[in-house]
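Asks: sequence and computational prediction follow.
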Amino acid sequence: MDVPCEIRFNARSIHSIDLPESVEVQAGDTLVLKLKNEGSPLHLTLSTADAARFTDFFHENLYLERLADVPVIIRDDVFPGMFAITVITGYGTNRSALKVAVRAVSYTHLTLPTKRIV
């Protein structure tokens, strides 16, 4: 399942970053970072230092004019835990971290077949 997360840039001031404190995903989900620039085009960096056990996403340098979606695919076989995605603008002068909580897969939506005894 896709889990959207909006990150806004240049909304308050040049190179500003507005993002939620945290987001929750489950094993097998795709976290979609919805980047929205509300000002002049800018260079930004997305990076993870502690996410190797959850995802292959490591580092992305972008030139953002208006909108972009960046998928972060969470592996199917991971145990619950946390990692952070660091968002950097202004060539390193502004940075914020998005905490990503990986939860156990919920099987509540599945129904098991019932066996009829005759």
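Replies: Arrived safely, thanks for sending.

Asks: how about residue 96: what's its closest non-neighbour residue?
Replies: Leaving aside its sequence neighbours, residue 96 sits nearest to residue 17 (C-beta to C-beta, 6 or more residues apart in numbering; 4.4 Å). Just so you know, the C-beta spots here come from the backbone N, C-alpha and C atoms, and that holds for glycine as well.

Asks: tell me who's in contact with that neighbour.
Replies: Taking C-beta atoms under 8 Å, 6 or more residues apart in numbering, we find residue 17 in contact with 7, 8, 9, 87, 89, 94, 95, 96.

Asks: wait, residue 47 touches residue 62, no?
Replies: No: the criterion here is C-beta atoms under 8 Å, and residue 47 misses it with residue 62 at 11.4 Å.

Asks: more neighbours, those two?
Replies: Set side by side, residue 47 and residue 62 show more neighbours around residue 47, with 16 against 13, by other C-beta atoms under 10 Å.

Asks: residues contacting stretch 62-71, please?
Replies: Outside of stretch 62-71, the residues within contact range by C-beta under 8 Å, 6+ apart are 9, 30-37, 41-46, 60.

Asks: so who does the residue nearest the centre of the chain touch?
Replies: The centre of the chain sits closest to residue 31, judged by C-alpha atoms, centre = their mean, with a distance of 4.4 Å. Residues counted as contacts of residue 31 (C-beta under 8 Å, 6+ apart) are 3, 5, 23, 25, 71, 72, 73, 74, 100.

Asks: filter the residues you listed to the buried ones?
Replies: 3, 5, 23, 25, 72, 74, 100 (16 or more other C-beta atoms under 10 Å).

Asks: can you pull up the bridge partners for the fifth one?
Replies: Meaning residue 72. Judged by DSSP bridges, the bridge partners of residue 72 are residue 31.

Asks: contacts only, for it.
Replies: Applying C-beta under 8 Å, 6+ apart to residue 72 gives the contacts 30, 31, 32, 33, 55, 57, 85, 100.
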